[in-house]
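J.: Would you be able to build a 3D model of this:
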Amino acid sequence: MELLTVRPAMTEDLPEIWNIYARARAFMRETGNPNQWKNTTPTEAQTLGDLAGENLFVLTDSEGIAGVFALFTEPDPTYARIEGAWPNDLPYITIHRIASAGRRSGIVAAAVDFARTKGDRMRIDTHADNRVMQAALGKLGFEKCGIIYLENGEPRIAFQLEFVGQKA
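T.: Numbering: from 1, shown residues only. Sure thing, here's the model as predicted:
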């Protein structure tokens with residue numbers, strides 16, 4: 001299978017990124033996860049903020065944009081409190097708002113591989129109904145750590161993966 005390339009998103013990518021997010025919302029509904037993004041997430045403001053903050057990335061192949069994700073290197077405030085426990089309190093990176101165009105597999109794995117170049121460990125969260133994401137994270141070796149709460153109070157299952165000692 002053709003390798004995916006990761007690059008920073010550009011303003012001209014936004015229409016395709018929004019199409020990918022719309023497709024991801026429909027996919028979530030079809031696979032038993034109707035409540036994670038509903039019809040509003042990611043918002044246009046979130047996407048524009050991710051782009052302006054240089055946190056928005058696209059995964060590309062010969063057909064164009066195959067996926068999108070936001071990557072953050074600063075601590076996520078919603079991860080400060082967890083029902084359960086993080087394996088450690090060391091610096092971490094976070095991926096949010098990851099989505100696939102739906103034409104190929106490996107989007108999450110490629111984003112995580114890229115994240116390895118930015119830090120020694122990664123945290124990520126997902127909705128309890130998002131079995132597809134939970135399965136992908138399990139295959140990649142993420143450890144389930146507990147439940148965190150978004151700013152709006154919604155719970156999410158939180159995971160961490162240590163990159164130290166792993167080959168990128």
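J.: ok, and what's touching the longest helix along the chain?
T.: Criterion DSSP state H: the longest helix present in the chain is helix 14-30. Outside helix 14-30, the residues that touch it by C-beta atoms under 8 Å, 6 or more residues apart in numbering are 9, 34, 36-39, 41-42, 44, 47-48, 51, 56, 58, 64-65, 67-68, 97, 99-102, 130, 132. The way it works is simple: take the backbone N, C-alpha and C, and place the C-beta from them, glycine included.
J.: Out of those residues, which sit inside strands?
T.: Secondary structure assignment (DSSP state E) places 56, 58, 64-65, 67-68, 97, 99-100 from those within strands.
J.: pull the CA atoms of the longest helix of the chain into CSV?
T.: Extracted as CSV, the C-alpha positions of helix 14-30 are listed here (Å, rounded to 0.1, in the frame of the first residue of the first chain):
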residue,chain,number,x,y,z
LEU,A,14,-9.9,23.7,4.2
PRO,A,15,-12.8,22.8,1.8
GLU,A,16,-11.4,19.2,1.6
ILE,A,17,-10.8,19.1,5.3
TRP,A,18,-14.4,20.2,6.1
ASN,A,19,-15.6,17.5,3.6
ILE,A,20,-13.5,14.9,5.4
TYR,A,21,-14.9,16.0,8.8
ALA,A,22,-18.5,15.7,7.4
ARG,A,23,-17.7,12.2,6.1
ALA,A,24,-16.3,11.2,9.4
ARG,A,25,-19.4,12.4,11.2
ALA,A,26,-21.5,10.3,8.9
PHE,A,27,-19.2,7.3,9.4
MET,A,28,-19.5,7.6,13.2
ARG,A,29,-23.3,7.6,13.0
GLU,A,30,-23.2,4.5,10.7
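J.: one step back: take the ones in strands among the contacts of helix 14-30 and write them to JSON lines, including neighbour count and distance to residue 30.
T.: Formatted as JSON lines, the entries for these read as follows, by neighbours: other C-beta atoms under 10 Å; distance: C-beta to C-beta, whole Å:
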{"residue": "56", "neighbour count": "24", "distance to residue 30": "25"}
{"residue": "58", "neighbour count": "22", "distance to residue 30": "23"}
{"residue": "64", "neighbour count": "11", "distance to residue 30": "23"}
{"residue": "65", "neighbour count": "17", "distance to residue 30": "21"}
{"residue": "67", "neighbour count": "26", "distance to residue 30": "18"}
{"residue": "68", "neighbour count": "28", "distance to residue 30": "19"}
{"residue": "97", "neighbour count": "20", "distance to residue 30": "19"}
{"residue": "99", "neighbour count": "21", "distance to residue 30": "14"}
{"residue": "100", "neighbour count": "21", "distance to residue 30": "13"}
